[in-house]
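> Got a predicted structure plus its sequence, pasted below:
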Amino acid sequence: MTTWTIPGSPATTAETDIGAIINSIIADIKAAQPAQGSKPGAVIYIPPGDYSLKTRILIDISYLQIKGSGHGFTSSSIRYNSGNTSSWHEIWPGGSRIRVENTDGNAEAILIHRDGLPRQSSIELVDFCLDGVSFTPDQNSYRNGKIGIRSTTPTDSLRIVGMGMVYLERAIVVVEADALHITNNFLCECGSCVELVGSGQASMVNDNLIGAGPAGFSIFAEDHFGLIISGNNIFPRGKSSVHLKNATNNMVSANRLHAFYSGMITMEGACHNNLVSANHFLRNRESFPAFQNTPHPQDDLFGLVHVRGSGNTIVSNHFSFDVPSNAITPAGAKPTIVLVRSGDNNYVATNHHAANVAVNAVFLDGSTTNTKVLDCGSASEFQAANGATFGFRATP
Amino acid sequence: MTTWTIPGSPATTAETDIGAIINSIIADIKAAQPAQGSKPGAVIYIPPGDYSLKTRILIDISYLQIKGSGHGFTSSSIRYNSGNTSSWHEIWPGGSRIRVENTDGNAEAILIHRDGLPRQSSIELVDFCLDGVSFTPDQNSYRNGKIGIRSTTPTDSLRIVGMGMVYLERAIVVVEADALHITNNFLCECGSCVELVGSGQASMVNDNLIGAGPAGFSIFAEDHFGLIISGNNIFPRGKSSVHLKNATNNMVSANRLHAFYSGMITMEGACHNNLVSANHFLRNRESFPAFQNTPHPQDDLFGLVHVRGSGNTIVSNHFSFDVPSNAITPAGAKPTIVLVRSGDNNYVATNHHAANVAVNAVFLDGSTTNTKVLDCGSASEFQAANGATFGFRATP
Amino acid sequence: MTTWTIPGSPATTAETDIGAIINSIIADIKAAQPAQGSKPGAVIYIPPGDYSLKTRILIDISYLQIKGSGHGFTSSSIRYNSGNTSSWHEIWPGGSRIRVENTDGNAEAILIHRDGLPRQSSIELVDFCLDGVSFTPDQNSYRNGKIGIRSTTPTDSLRIVGMGMVYLERAIVVVEADALHITNNFLCECGSCVELVGSGQASMVNDNLIGAGPAGFSIFAEDHFGLIISGNNIFPRGKSSVHLKNATNNMVSANRLHAFYSGMITMEGACHNNLVSANHFLRNRESFPAFQNTPHPQDDLFGLVHVRGSGNTIVSNHFSFDVPSNAITPAGAKPTIVLVRSGDNNYVATNHHAANVAVNAVFLDGSTTNTKVLDCGSASEFQAANGATFGFRATP
């Protein structure tokens, strides 16, 4: 890639506009593979280096693999908040690092889009760095309008593996995914990290290190079915850790979730038959001075797990809650660990909490029916609003 | 690899017979590493492209890595069932794609076999595509006699990573594995996907996207010990999702299983001391017209989980069951979620189901003893045949 | 790398001293990237081959990726204990194999160290083999003073992926890790495998095949917070499988643990708010004659899980215990599955065991308070020393 010359634009290099270079390579792949019967695609290799992206990459073929040699994450947040860094060894992310600096009027570094049939298959983005460089108006805003990877038409078996993504307003936005696999990435210090929008099925978001900004999502999935969210280490400070919207028959297992707000797992709309099992939750207080006055998106009655919908199973989780009483909202409230806000036949069992204040292990909204609450705490840690029907068993 | 010439057969290319080319390279590696004291092996790289395999690849050395740049999966099933595809952008799988088209009388694309000692170690097959191209007599038969990767002698630390395998009658068949690792693959639209036969130990099948045909296995393990099956997204339409035969002390955790038949986890023979935990099960009805009349391999009394053996632990799972009553077999039957068919000291606890019809959460065969059934449903959702001994606690 | 020449030392090759070669390349990278504003690092590729390391590699830059093509594990233990191997096909590990044979007075093959700010970021060590070659005074001692990878200053987002490490006294020793990711490695037949020392946070050790020697640790983590240990297949014969020391808010989920001693999960000091869920434990007797007389580091009252600290959650695990009565220590003792040795508010529920002798599913030390023990066995399988306070519910 570093030796590619664009016909008619000999001065453009990967260093000056890697987007234009890659688009030119893609055009060449298309020209070289005209026959419907044999379009195996290609691999584009990005060696370690500092590259500027001025032009959005448009992937409109299947089987393209773009691969680097280094996810290159470093904390830009720590650096920007560190004062004088003139003595530092280095100040920017590295590896196969693309600085997202579009001058083409587009928000995306990489857009996956193709009309017609079939869906694009088996695009693979592997082991390079997308760096949004800076936020505006200040480095703690998580805002710059930049998007790392976006798809706007359906895909099959898209893989995003071993990437580093930092200081983007939105890291990954994928629509209508089938068999999407997002794994082993470092998606951190982005406004939102993984947004699966529109709809999707049979996908996996596993074994990533993830952390969004206070207005954004670490992992968001809308109208998804058969999604695995497992083995992720989800840091603060997203407004939620996992957010499901109208999503049925998904699994959230064996993740470690750490957050500064309630709503760590939020189910919005009608979310049915999801499993939340074997996860570790820690809710404590923001420790970074620059963010300590950020308003909380939800109060402490919202629940660390907020359930809307029926037939969900929430079992075998651990909850740590460690918030000074004077920081709990509304003031004087008894915080909620699991709130069942709507629905029938939800099952909340064998979850344990360790809290520095009295909490409700489970709170049932008055509209909920037939919830089972088993072995999640004492009778004084359970509360059901008028009208709720349920089976409850206190821990002995 | 693309520039290799076979001594005595200059006309053979990777495009015309990648198997002959790779066998010639392996012969060269053996010739170049004659000393017992230094046989580090080699890497053979398969660039993206369309390659035909006419001759079976025989791997009879250790430490060989065959690596491509693209798993290249696309759904051939959708395409073959789509009618006129003349306007499609592409019609075949891609990436580093090997069309399995043996003319040598062998079934396998890749055979791992070596007599003598030691076992072959650390063979790695990474990031390419094995495409069986078509099924016979029709494209929905899942039959063509083709096998992707097979071993017939014992191996140690074999790795199969990031592969795409499609339209093979059997994708992976491994005998006597020790520390086998099958991960991050796309094994779909194959008759059977992963078959661990003979015996094996201390292996891992994790984080794959898998789906077999109605007569085959998604994951099969015989006489295995210490196997981890976790984090897999197992699609329909295999006759089972996970099938253990005479297998003891294995783990099936944090998978998402979706099937059109009962027997999603089937234990055959005597299976002892296995853990089935934190999995999400969905059993619903075949939605693809071409397969809606396929006879079911088991009826709905067989159990979504079918247990034979002692000391098994089945906890913290979610079961969704959504089958129209008129499609349940035998007609009028009350479907079974977990059937304990034989054995002593099995433990079934804290599993939840959401079902569209009345079901038995757990059914105990009359031969079973000392089963524990805790918090899996109401008394009317539990049934024990005459002779069974058990402890039962209904959800309150 | 294989063509690199060290200025002033033209006779040194990768075969004779890969450490000196890589250090020379790193010096070149530093010279080529002098500007604080652009230090993307580099990738150093190690082709398959046999390399000797005489000089320790010192990584003192960020964003360096060292990558091979083959983890190359084979069992040296089996080979050394096999008698005459003159007829064997090969006798040593392979792949991109580095023989750790320091002549520079250092213990480490690779040292990661840099003073000043920031922490080193995004170093990646991928898919090669570190082979300690032999132990002294005998091949079953697990002793040779050799360390594979060590860091002695803080790091961020260090990745160790797909490596093979064998016959080292200590495979990986990392201090003050943040967002460390150790995954898909083969760390076996090493004295200790993963040691996270000093402190650390938000890290992951997942999907590895691991097995230490009888005096060492398979996975050790000191003062860690937010660590995920999941999906690992941990073989014998480490003195423990997972050892936490003064570690709070970590997760041990969906691992398969096999050991010859008690203390499979050991919490030392004060370990609070950790989750141990959905793991499979097997404790049986050493089968390899050379080790059958090795003294056990703990007796059978120590617990397969040994808890010190408060607020821990131990749920949904399976325990297999299969030790001949005459091999149990102290003689005549009733072995303990889970020992709560200290602390308040621990929660032990919905664990099942299958044992060949009578056991205590849970034993509470007299100093422990407010432990919950639910559905882990019968009343005769539970014992609380005088002074303990608890809630207990027997399986029905």
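Thanks, I have the structure now.
> Could you confirm A:Ile22 falls within a helix?
Yes. A:Ile22 forms part of a helix when assessed by DSSP: H, G, I helix; E, B strand; the rest coil.
> give the contact list for it.
A:Met1, A:Ile44, A:Ile57, A:Ile66 (C-beta atoms under 8 Å, 6 or more residues apart in numbering or on different chains). The C-beta positions use only the backbone N, C-alpha and C, and glycine is treated the same way.
> Of those residues, which pair is most distant in space?
A:Met1 and A:Ile57 (11.7 Å; C-beta to C-beta).
> In strands only, show me the contacts of A:Ile22.
A:Ile44, A:Ile57, A:Ile66 (DSSP state E).
> Find residues that contact each of A:Met1 and A:Ile57.
A:Ile18, A:Ile22.
> Just read off the phi/psi values of A:Ile78.
With angles defined as degrees, to the nearest 10, A:Ile78 sits at phi -60, psi -40.
> and it, how many neighbours does it have?
Applying other C-beta atoms under 10 Å in any protein chain shown, we find 16 residues neighbouring A:Ile78.
> What residues does the closest residue to it other than its chain neighbours make contact with?
Nearest residue to A:Ile78, sequence neighbours excluded (C-beta to C-beta, 6 or more residues apart in numbering or on different chains): C:Pro118, at 7.1 Å. By C-beta under 8 Å, 6+ apart, the contact set of C:Pro118 is A:Thr74, A:Ser75, A:Ile78, A:Arg79, A:Trp88, A:His89, A:Glu90, C:Ser62, C:Asp156.
> Kindly recompute the last result at 10 Å.
A:74-75, A:78-79, A:82, A:85, A:88-91, C:62, C:154, C:156 (C-beta atoms under 10 Å, 6 or more residues apart in numbering or on different chains).
> what does A:Pro40 give?
A:29, A:33, A:62-63, B:47-51, B:69-70, B:72, B:90, B:92-97, B:129.
> please redo it, this time with the cut-off set to 7 Å
A:Tyr63, B:Pro48, B:Gly49, B:Asp50, B:Gly72, B:Gly94, B:Gly95, B:Arg97 (C-beta atoms under 7 Å, 6 or more residues apart in numbering or on different chains).
> For burial, what's the neighbour tally of the second one?
B:Pro48 sits with 23 neighbouring residues when counted by other C-beta under 10 Å.
> where along the stretch 1-150 of chain A do the strands fall?
Secondary structure of the stretch 1-150 of chain A (DSSP state E, counting those that start in this stretch): strands at A:42-46, A:49-53, A:57-59, A:64-68, A:96-100, A:108-112, A:120-121, A:124-126, A:129-131, A:147-151.
> gap between the fourth one and the chain center?
Same thing as strand A:64-68. 21 Å (C-alpha atoms, centre = their mean, to the nearest Å).
> Same question for the fifth one.
In this view, strand A:96-100 has its centroid 20 Å away from the chain centroid, taken as C-alpha atoms, centre = their mean.
> Is chain C within reach of it?
Yes. Contact between strand A:96-100 and chain C, assessed by C-beta under 7 Å from any C-beta of the partner chain, occurs at A:Arg97.
> Quick one: mean pLDDT over that strand.
Strand A:96-100 comes out with an average pLDDT of 98.
> same thing with the last one?
Confidence over strand A:147-151, taken as the mean pLDDT, stands at 98.
> by contact count, what packs against that strand?
strand A:108-112, strand A:170-178 (3 or more C-beta pairs under 7 Å, 6 or more residues apart in numbering or on different chains; DSSP states H and E).
> What strands flank it, and is each parallel or antiparallel?
Strand pairing for strand A:147-151, using DSSP bridges, gives strand A:108-112 (parallel), strand A:170-178 (parallel).
> now the third one
According to DSSP bridges, the neighbouring strands of strand A:57-59, each with its direction, are strand A:108-112 (parallel).
> and the strand it pairs with, how far out from the chain's middle?
17 Å.
> orientation of that strand relative to strand A:49-53 in degrees?
Using axes from the mean of the first three to the mean of the last three C-alpha atoms, to 10 degrees, the direction of strand A:108-112 lies 80 degrees away from that of strand A:49-53.
> residues making contact with strand A:108-112?
So strand A:108-112 is contacted by A:53, A:56-59, A:98, A:100, A:120, A:123, A:130, A:147-152, A:155 (C-beta under 7 Å, 6+ apart).
> Just the C-alpha atoms of that strand, please, in CSV.
C-alpha atoms of strand A:108-112 as CSV (Å, rounded to 0.1, in the frame of the first residue of the first chain):
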residue,chain,number,x,y,z
GLU,A,108,-16.7,8.1,8.5
ALA,A,109,-13.2,6.8,8.1
ILE,A,110,-14.6,3.6,6.6
LEU,A,111,-18.0,3.2,5.1
ILE,A,112,-19.3,-0.2,4.1
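> got the phi/psi numbers for the residue lying closest to A:Thr329 once chain neighbours are set aside?
Take A:Thr329 and drop its neighbours on the chain: the residue closest to it by C-beta to C-beta, 6+ apart is A:Asp299, 4.4 Å away. Backbone geometry at A:Asp299, expressed as degrees, to the nearest 10, gives phi -90, psi -180.
> What is the burial count for A:Asp299?
16.
> what does A:Gly116 give?
Residues near A:Gly116, counting by other C-beta under 10 Å: 10.
> Over to A:Ser287?
A:Ser287 has 10 nearby residues by other C-beta under 10 Å.
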